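Chemist: what follows is a protein structure lacking sequence information:
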């Protein structure tokens, strides 16, 4: 597992893409469940699905510009609609007016840009007749009396679901991530025949990373936190819409790989009316927070019905990319270091132990204090974005604080100054090894 997960803990920043029929009603990917829409009323979206502006090459270039190293696309979400040419169902993009295998095009485009690729796959399915309907907590027909007492052959559903996983693991080349979603209530673990499923995946894709959601939902951790993880525990924990306050560790303190999956606004799938987008500086700072706690960020975009990533998301990603082009050394191949979190920002450190990166997000009064590093430990101090030399001499105000390294950002050591980058100014401290 250690070798399998290494690239993941170096790359740190990925793109999540939620896209499907739900982009047409434009009220989020759970619209069919939330509004309890019968399958026949959802069918018109299938009949008109034709994203003529879908150009995954543009998506891939945008992800690369933003500094993202990997990307995960929803091959099938909970509504059961497949963005690939599954041989096991007619409910797929190749049977819509679109007529294209959208997953294959995505994989080819992102691989061409040198971006690692993953596929999200929903293990629940509101379209399949043998997936439980009435009384299920999430199914659109959970309250529809017409389905009360209806019998479902769940083994038949599992054969179908396993068969689809076999398809995407067999027909689409090497996958870097297989992102299952999700378990709930009694629908967990061996209810999915999870050991059998994961053994099949490992045989077909021995290097693929798997999340922990065959065992839990986005709020859970699962047996990956224990000393005896299950076969289907996955390779990393997948907290959703939250950054763990102190990262994720086993009870004995051993760090566990994790990835926070986050939206830029309040919905995963395209929502015409959700304009509550984060500012770019918030995204940068949250990425830094994830890395400083030993985790990854998987940042979502929800393309519209035409296959276009919303303009707001594009602008955010380009702004993040501008910061990354100057400061990505403090993100890639970096993680947690056991130093106190400073009041003005955060700290990341290179995985090889040679560099400490001090992220200054709020200008202090006077020199920047770094607790836990002594002057004799440092080889040099530079401004990461430009390579400019910085003074670590402190000044007359700092002598009473011997446990801190003080770095002067202003040439004259003035008590008040403007940060070179008010989003996040990064100080690179090279250590004597």
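Modeler: Alright, I've got the coordinates. All values derive from a computational prediction rather than experimental measurement.

Chemist: is it correct that residue 17 is in contact with residue 298?
Modeler: No: here residue 17 lies out of contact with residue 298, judged by Cβ atoms under 8 Å, at a distance of 10.1 Å. (C-beta placed from N, C-alpha, C; glycine too.)

Chemist: for the nearest residue to residue 142 once chain neighbours are set aside, helix, strand, or coil?
Modeler: Distances taken as Cβ to Cβ, 6 or more residues apart in numbering put residue 136 closest to residue 142, at 5.2 Å, once the chain neighbours are dropped. Under DSSP: H, G, I helix; E, B strand; the rest coil, residue 136 falls in the coil class.

Chemist: now name the helix or strand holding the residue positioned nearest the centre of the chain.
Modeler: Here the mean C-alpha position of the chain is nearest to the C-alpha of residue 298 (Cα atoms, centre = their mean), at a distance of 1.5 Å. For residue 298, the host element (DSSP states H and E) is strand 296-301.

Chemist: for the helix or strand following that strand, which positions count as buried?
Modeler: Counting by DSSP H and E, the next helix or strand C-terminal to strand 296-301 is helix 311-327. Residues of helix 311-327 classed as buried: 312-314, 316-317, 319-324, 327 (neighbour count, 16 or more other Cβ atoms under 10 Å).

Chemist: ok, so of those, who is nearest residue 422?
Modeler: The closest of the buried residues of helix 311-327 to residue 422 turns out to be residue 323 (Cβ to Cβ; 10.9 Å).

Chemist: residue 422 is in contact with that closest one, correct?
Modeler: No: Residue 323 is beyond contact range of residue 422, at 10.9 Å (criterion: Cβ under 8 Å).

Chemist: what do those two both touch?
Modeler: Here residue 323 and residue 422 have no joint contacts, going by Cβ atoms under 8 Å, 6 or more residues apart in numbering.

Chemist: one step back: who does the strand holding residue 298 pair up with?
Modeler: strand 13-17 (parallel), strand 259-262 (parallel) (DSSP bridges).

Chemist: format these as JSON lines; extra columns: mean neighbour count.
Modeler: Putting these into JSON lines (neighbours: other Cβ atoms under 10 Å) gives the following:
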{"stretch": "strand 13-17", "mean neighbour count": "24"}
{"stretch": "strand 259-262", "mean neighbour count": "24"}
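
Chemist: can I get these in JSON lines including distance to residue 49?
Modeler: Below are the strands paired with strand 296-301 laid out as JSON lines (distance: least, Cβ to Cβ, whole Å):
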{"stretch": "strand 13-17", "distance to residue 49": "16"}
{"stretch": "strand 259-262", "distance to residue 49": "25"}
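
Chemist: can you list these in CSV and add distance to residue 72 and mean pLDDT?
Modeler: Output for the strands paired with strand 296-301, formatted as CSV (distance: least, Cβ to Cβ, whole Å; pLDDT from 0 to 100):
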stretch, distance to residue 72, mean pLDDT
strand 13-17, 5, 99
strand 259-262, 9, 98
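
Chemist: among these, which comes closest to residue 222?
Modeler: strand 259-262 (13.8 Å).

Chemist: what residues of stretch 118-131 count as buried?
Modeler: For stretch 118-131, using 16+ other Cβ under 10 Å, the buried residues are 118-128, 130-131.

Chemist: okay, the closest residue to residue 124 other than its chain neighbours: pLDDT?
Modeler: The spatially closest residue to residue 124, leaving aside those adjacent along the chain, is residue 78, at 5.3 Å (Cβ to Cβ, 6+ apart). pLDDT for residue 78: 98.

Chemist: against residue 398, how distant is residue 78?
Modeler: Distance, residue 78 to residue 398, by Cβ to Cβ, to the nearest Å: 57 Å.

Chemist: and those two? Which one has more around it.
Modeler: Neighbours per residue (other Cβ atoms under 10 Å) separate residue 78 from residue 398, with residue 78 holding more: 24 against 17.

Chemist: ok, the more buried one - contacts?
Modeler: Listed by Cβ under 8 Å, 6+ apart, the contact partners of residue 78 are 29-30, 32-33, 122, 124-126, 138, 181.

Chemist: and the furthest pair within those residues?
Modeler: Farthest pair in these (Cβ to Cβ) is 32 and 181. Separation: 15.4 Å.

Chemist: of those two, who's got more company?
Modeler: Neighbour count, other Cβ under 10 Å: between residue 32 and residue 181, residue 32 has more, with 28 against 21.

Chemist: avg pLDDT for the helix or strand where that one lies?
Modeler: Using DSSP H and E, residue 32 falls within helix 31-34. Averaged across helix 31-34, the pLDDT comes to 98.

Chemist: distance between the following helix or strand past that helix and the chain's centre?
Modeler: On the C-terminal side of helix 31-34, the nearest following helix or strand under DSSP H and E is helix 39-48. Taking Cα atoms, centre = their mean, to the nearest Å, the mean C-alpha location of helix 39-48 is offset from the chain mean by 30 Å.

Chemist: fine by me, thanks again.
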